[in-house]
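> A structural model of the following input is requested.
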Amino acid sequence: MKRRNPRFVHEYQNQHGTPVYYLRKPGHPKFRLRIPDGCLPWSPSFMAIYEAAMAEAPAKPELGVGRTVPGTVNAALISYYQSTAFTKGLAKSTQGNRRAILENFRNDHGDKRTALMHTQALQNVFNGKTAIVQRNWMKALRGFLDHCLALGVMKVDPLAGVKLAKTKKSSGFHTWTEDEITKYRERHAPGTKARLALELLLQTGHARADAVRMGRQHVKAGKLSMRRQKTGVQFDIPLLPELVSELALHPRTEQLAYLVTEQSQPFTAAGFGNWFADRCREAGVPGRAHGLRKASAIRLALNGATAFELMAWHGWRTIGEAQRYVEEANRIKLAESAAAKMRTEIGSPANPVSQIDPQPIEKTVVENERPET
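Just a heads-up that it's a prediction; the model follows:
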């Protein structure tokens, strides 16, 4: 029989399987009870914390205090979150990232008038943030302010004059080398979950958000058919022999997903990324999940895949991303071709300097000297 908790106490299981407790009094904000591990409801320690929380729970807000005022940033954000551009135009992961930034912006400026927003005010918001953070804020505010401009709540785009800090050139995530792939394979044997993760990422060339969703339900006639979680682009790729061999070592279960947690549940993208990073550290390699996606693209390009073929395989929308890996593969091929032209057979040179007869310096000097008179 399920245990009944004290009044207004709600119990949940976190990602580690540990119970957490919240006090939810009607008309009051949810309030977490800081219960020590192993302390069960109705025990003296639990009840002492519960009674103190009941007495100190946040007061019920006054009627109308949190009402949204039309024309403010608060009101505009509520409208933006409900718009098609936000709910349909952005992937779930992107919505979460943008919303986190916009909520931060709301905390400081939610009660201000949207129509009075100006460039200098936004420049002050951006100043002090790193170059990368500034660009993330620019993307989030760009969508929000485009919505405001479309509604007519502001007449001038205040982002137009905002200047961003310069970023240092970076190649992004580290691309796995063949030596690093070999080193990882030596540490994690076939048939292990760590090895399956590597082969799934490398042989399909897709992001961790898609890898954690891959399962038997997506394979038909030897092809893996899915849509990218981030962009919705369809891809249909054959299962390569190395991946087929690895999948054959893992028994089928009731769970369709190939990659599951210790609780036999599918990974979240972030959870898998952290777990795979630990496996990489165990193998002594610096790579991460996204670096295998890049390694896959270079592998295919080195074997002659065109930019359009890379687009079809990796689910890219634009040719620019694919062309970058084709150029990288061409650079590697040209360097190897140049090295081949410099190679010579091992042996003595045709006219070694060390074998040239020395000049009879002393004799020449004597012959040229004039006899004394």
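> The most centrally placed residue in the chain: which element?
With distances taken as Cα atoms, centre = their mean, the residue of the chain nearest its centroid is H290 (6.7 Å). Element membership of H290, judged by DSSP states H and E, is helix 289-302.
> Check which helices and strands that helix is in contact with.
Counting by 3 or more Cβ pairs under 8 Å, 6 or more residues apart in numbering; DSSP states H and E, the packing neighbours recorded for helix 289-302 are helix 193-204, helix 208-211, helix 269-283, helix 307-314, helix 319-342. Glycine gets a C-beta too; all of them are placed from N, C-alpha and C.
> these two touch, right, M54 and H28?
No. Between M54 and H28 there is no contact under Cβ atoms under 8 Å: 10.3 Å.
> what sits against Q15?
G271 (Cβ atoms under 8 Å, 6 or more residues apart in numbering).
> mind checking how far it is from N274?
When distances are taken as Cβ to Cβ, to the nearest Å, Q15 and N274 turn out to be 11 Å apart.
> Just want the angle from the strand or helix carrying F105 to helix 269-283.
Taking DSSP H and E as the definition, F105 sits inside helix 92-109. Taking axes from the mean of the first three to the mean of the last three Cα atoms, to 10 degrees, helix 92-109 and helix 269-283 form an angle of 110 degrees between their directions.
> List the contacts of helix 92-109.
Residues contacting helix 92-109 (Cβ under 8 Å, 6+ apart): 73-74, 77, 80-81, 86-87, 90, 125, 136-137, 139-141, 143-144, 209, 229-230, 269.
> switch the cut-off to 7 Å
Residues lying outside helix 92-109 but in contact with it, judged by Cβ atoms under 7 Å, 6 or more residues apart in numbering, are 73-74, 77, 86, 90, 136-137, 140, 143-144, 209, 230.
> Which PyMOL command selects the buried ones in the residues you listed?
Here is the PyMOL selection string for the buried members of the contacts of helix 92-109, based on 16 or more other Cβ atoms under 10 Å:
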select buried, resi 73+74+77+86+90+137+140+143+144+209+230
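> Narrow the contacts of helix 92-109 to those in strands?
If you go by DSSP state E, the contacts of helix 92-109 have nothing in strands.
> Filter the contacts of helix 92-109 down to just the ones in helices.
With DSSP state H as the criterion, helices contain 73-74, 77, 86, 136-137, 140, 143-144, 209 from among those.
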